[in-house]
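K.L.:
Starting from these lines, generate the structure:
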Amino acid sequence: MSSDTENPWVDSAPVASSSSSLEVAKPDPASFVIGLCIVDFDHVKGPEIEYWLDDKTNEYNQASMAAKFSKIWPQLPFQGLPDGAHLFDETFTNFTLVYDEKLQTCPPLPAEQTSSETNLITLFGCACVRQLNSNELQDGADFKRSVIQKSVVLITRYPIPIQLKEKLSIITTSYFNQHDFHDKSIIKALYDNLAIVYNSHGFEVEDDDLYDTVVNPASTKIIKESDFYTGLNLKELVTMFKRNLLVIFKGVLLEQRILVYSKNLNRLSNFQYSLLSLIPNLLLSLSDSGTPLTGLEAGSIEKPTSLRSSDRHSMLAFMGLPLQIFSKGGFFQPYLTLQQMDYLTNPNTKWYLVGCSNDIILDQKSRLADLVVNLDDSSVEIVDASLKDKLALSATDRRFIDSLSEEVLATDDTTVNLANSPMDSQSYRGGDDFIRYNFEDYLIGMLSCLKYDSFRKTSKLENLHQLSSFTNEVEYFGNSFVAAFKATNAYRIFDRGTDDELFNFFEPKHVGSGMERTNVLKSFFNKIKEDDRRYLPGIFNFRRTDKTS
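P.N.:
Alright, predicted model coming up:
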């Protein structure tokens, strides 16, 4: 393919000439796309960064920039060309990267927690991996191996949204189809396009509004919450695991060491992001998830004093959501390499959610994991025996997940193919949004029950009249689970950052105990929308503020 070949995608922004990406520019701190690289497999050195593009790359420093980031992230080549990638014509792998933006380094994980402030953030990598027989190349004689394996890796500030994943797939396929790996013009053009669309004027990530709103057109790139959900496969989670899905979900809430295993790399990433999407807004709040050194602590949290009833983000924040699952002590790594195994045993690491495709890691599950999810045989193993009682589902838990599973299984599989299509799954019962809203109801009900239970235990006698309309259902979530959850850092942050009488806004009720299947948060929004009073219902006088105020 020649350098002037038409780019195989359409975007609203013009595509700059390939030379624009070679101009030295000051990185925009609001850049969504951090970098783009090609990872190659050298028959002597193994995986290595062959080519790097970012806002500081030019034609003279290309090699030094690739060497620079190879030193910053020595594990990146192994994440970009992971174990098992050779089993697929095309596959994707996702991973997190830790970066000090001020010093432009990735410091090693210290043996002990330090009190010094850091500038560490979590970035997100997505690699599209393909392979090609060397005899199909124009310069096949230059390659020592019969099969050439490479990946194109995109590094972003948030998990990659569906639009960028599709572009990455298209461009990687086109790069291979030109049968000339020396010609990287299409890779340059991709970066130029992304830099214009996502970086030139900054970006904003917005929650999807529950009502239709008019967005003022602007040059700032707007990325919606639903862009991160499209392409996930929650239906597969439910059909594969049924009751065990709720066991895994509760294991995440309890901050356990969870190991996810599969040889299918795309499924490995999809499962973990789908699982985290069950906690409202968590996918948009993973900036501290890549290392156990960063994250909120309960002592730094203050209760909100106001909320905007028409703003989903404000409502979730008022409820203490998303839960801070990966606060200090925990971390998330969708694909863990052998080179990162010391992260699991570091004294700073207390819990994690990690994915792997290497049998060596799986074979050490007895010392590395409390819970193992094997996607290849759909099994869930509770390695830590003390967890079995904490994760045992109550009768009400089982009623909830069984009912949800029945509705999902009753959905015609031909209605939508969530694994391979960005089709909207919101329009039918049993789809992804339906599953997410049910788990949202479960979580909101649980948190409200915890607040109600605490209020009952600490309230003075004269306040007991406020409790007459509610039944204490906290035990419906399992007494051992509730006790274990209240010992987590996520609960301490939630409890400190939310009002003690949260149950006056959201009914303290287990969704499996007979609650009508209407999303709790949507019902609350509708109630507020119809009520034009200055103050919210309930016993609190939180001032209602509008988006325009």
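
K.L.:
Walking through the chain, point out its strands one by one.
P.N.:
Secondary structure of the chain (DSSP state E): strands located at 33-42, 46-53, 90-100, 120-133, 147-156, 203-206, 221-224, 257-261, 306-307, 330-333, 351-356, 371-374, 379-382, 543-544.

K.L.:
Show me what the first one is packed against.
P.N.:
In terms of contacts (3 or more C-beta pairs under 8 Å, 6 or more residues apart in numbering; DSSP states H and E), strand 33-42 is packed against strand 46-53, helix 62-72, helix 76-80, strand 147-156, helix 185-194. C-beta: built from backbone N, CA, C; applies to glycine.

K.L.:
Then the fourth one?
P.N.:
Helices and strands touching strand 120-133, by 3+ C-beta pairs under 8 Å, 6+ apart, are helix 76-80, strand 90-100, strand 147-156, helix 162-177.

K.L.:
hmm, try it at 6 Å
P.N.:
Strand 120-133 sits against strand 90-100, strand 147-156, helix 162-177, with contacts defined as 3 or more C-beta pairs under 6 Å, 6 or more residues apart in numbering; DSSP states H and E.

K.L.:
just the angle between it and strand 90-100, please?
P.N.:
Strand 120-133 runs at 150 degrees relative to strand 90-100, counting by axes from the mean of the first three to the mean of the last three C-alpha atoms, to 10 degrees.

K.L.:
Now do strand 120-133 against strand 33-42, angle only.
P.N.:
Calculated by the same axes, to 10 degrees, strand 120-133 forms an angle of 40 degrees with strand 33-42.

K.L.:
Tell me the buried residues in strand 120-133?
P.N.:
Using 16 or more other C-beta atoms under 10 Å as the test for burial, strand 120-133 gives 120-132.

K.L.:
Can you lay out the residues you listed as JSON lines showing distance to Lys451 and pLDDT?
P.N.:
Converted to JSON lines, the buried residues of strand 120-133 look like this (distance: C-beta to C-beta, whole Å; pLDDT from 0 to 100):
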{"residue": "Leu120", "distance to Lys451": "33", "pLDDT": "92"}
{"residue": "Ile121", "distance to Lys451": "32", "pLDDT": "94"}
{"residue": "Thr122", "distance to Lys451": "30", "pLDDT": "96"}
{"residue": "Leu123", "distance to Lys451": "35", "pLDDT": "97"}
{"residue": "Phe124", "distance to Lys451": "33", "pLDDT": "98"}
{"residue": "Gly125", "distance to Lys451": "38", "pLDDT": "98"}
{"residue": "Cys126", "distance to Lys451": "38", "pLDDT": "98"}
{"residue": "Ala127", "distance to Lys451": "43", "pLDDT": "97"}
{"residue": "Cys128", "distance to Lys451": "45", "pLDDT": "96"}
{"residue": "Val129", "distance to Lys451": "46", "pLDDT": "95"}
{"residue": "Arg130", "distance to Lys451": "51", "pLDDT": "94"}
{"residue": "Gln131", "distance to Lys451": "53", "pLDDT": "90"}
{"residue": "Leu132", "distance to Lys451": "57", "pLDDT": "89"}
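
K.L.:
quick one: which of the residues you listed is nearest Ala385?
P.N.:
Using C-beta to C-beta, Thr122 comes nearest to Ala385 of the buried residues of strand 120-133, at 32.5 Å.

K.L.:
Let me know how buried the residue nearest to the closest one when sequence neighbours are not counted is, in neighbour terms.
P.N.:
Using C-beta to C-beta, 6 or more residues apart in numbering and skipping the chain neighbours, the partner closest in space to Thr122 is Gly290 (3.4 Å). Neighbour count for Gly290, taken as other C-beta atoms under 10 Å: 24.

K.L.:
Give me the pLDDT for Gly290.
P.N.:
Per-residue confidence (pLDDT) for Gly290: 96.

K.L.:
Do I have it right that it meets Ile121?
P.N.:
No: with contacts counted by C-beta atoms under 6 Å, Gly290 stays clear of Ile121, the gap being 8.0 Å.

K.L.:
which neighbours do those two share?
P.N.:
Shared contacts of Gly290 and Ile121 (C-beta atoms under 6 Å, 6 or more residues apart in numbering): none.

K.L.:
Let's check: the centremost residue of this protein is which one?
P.N.:
Leu283 (3.8 Å; C-alpha atoms, centre = their mean).

K.L.:
where does the stretch 301-450 of the chain dip in pLDDT?
P.N.:
Low-confidence segments of the stretch 301-450 of the chain (pLDDT under 70): 412-428.

K.L.:
what are the ranges of the helices in it?
P.N.:
Assigned by DSSP state H, counting those that start in this stretch, the stretch 301-450 of the chain shows helices spanning 312-318, 342-345, 359-362, 365-368, 387-391, 395-409, 432-458.

K.L.:
and those helices, which is most packed in?
P.N.:
Among the helices of the stretch 301-450 of the chain, helix 432-458 has the highest mean neighbour count (mean count of other C-beta atoms under 10 Å), at a mean of 21.

K.L.:
OK, contacts around Lys71?
P.N.:
Lys71 neighbours (C-beta under 6 Å, 6+ apart): none.

K.L.:
Kindly report the same for the one 10 residues further on.
P.N.:
With contact set as C-beta under 6 Å, 6+ apart, Leu81 has these partners: 39, 41, 47, 151.

K.L.:
count of residues packed around the closest residue in space to the second one that isn't next to it in sequence?
P.N.:
When you say that, I think you mean Phe41. In this structure, Phe41 finds its nearest non-sequential neighbour in Gln149, 4.9 Å apart by C-beta to C-beta, 6+ apart. Gln149: 16 surrounding residues under other C-beta under 10 Å.

K.L.:
Same question for Ile279.
P.N.:
For Ile279, the neighbour count with other C-beta under 10 Å is 21.

K.L.:
Likewise for Glu302?
P.N.:
For Glu302, using other C-beta under 10 Å, the count is 7.

K.L.:
nearest spatial neighbour of it, skipping sequence neighbours?
P.N.:
Of all residues beyond its chain neighbours, the one nearest Glu302 is Gly497 (6.9 Å), with distances taken as C-beta to C-beta, 6+ apart.

K.L.:
what about the one you found, distance to Leu283?
P.N.:
20 Å (C-beta to C-beta, to the nearest Å).

K.L.:
I'd like the distance between Gly497 and Asn348.
P.N.:
Per C-beta to C-beta, Gly497 is found 23 Å from Asn348.

K.L.:
what do you get for Glu136?
P.N.:
Distance, Glu136 to Asn348, using C-beta to C-beta: 47 Å.

K.L.:
more neighbours, the two?
P.N.:
Neighbour tally, Glu136 and Asn348, criterion other C-beta under 10 Å: the higher count belongs to Asn348, 18 against 11.

K.L.:
Run a quick neighbour tally on the residue lying closest to that one once chain neighbours are set aside.
P.N.:
Leaving aside its chain neighbours, Asn348 sits nearest to Pro292 (4.6 Å; criterion: C-beta to C-beta, 6+ apart). Neighbourhood size, Pro292 [other C-beta under 10 Å]: 23.

K.L.:
list the contacts for Pro292?
P.N.:
329, 331, 348-349.

K.L.:
out of these, which is most surrounded?
P.N.:
Greatest neighbour count in the contacts of Pro292, by other C-beta under 10 Å, goes to Phe331: 29 neighbours.

K.L.:
measure stretch 44-59 end to end?
P.N.:
In stretch 44-59, first residue to last residue: 27 Å (C-alpha to C-alpha, to the nearest Å).

K.L.:
Mean confidence (pLDDT) on that stretch, please.
P.N.:
Stretch 44-59 comes out at a mean pLDDT of 92.

K.L.:
what residues go with each domain of this protein?
P.N.:
With automatic domain parsing serving as the domain definition, the record reports that the chain contains domains spanning 18-225, 227-392, 432-540.

K.L.:
Need the helices of the stretch 301-450 of the chain in CSV (columns: distance to Pro108).
P.N.:
Compiled in CSV, the helices of the stretch 301-450 of the chain are given as follows (distance: least, C-beta to C-beta, whole Å):
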stretch, distance to Pro108
helix 312-318, 34
helix 342-345, 9
helix 359-362, 20
helix 365-368, 20
helix 387-391, 31
helix 395-409, 41
helix 432-458, 36
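
K.L.:
So for Tyr191, which of those helices sits nearest?
P.N.:
Going by C-beta to C-beta, the one of these nearest Tyr191 is helix 342-345, 29.8 Å.
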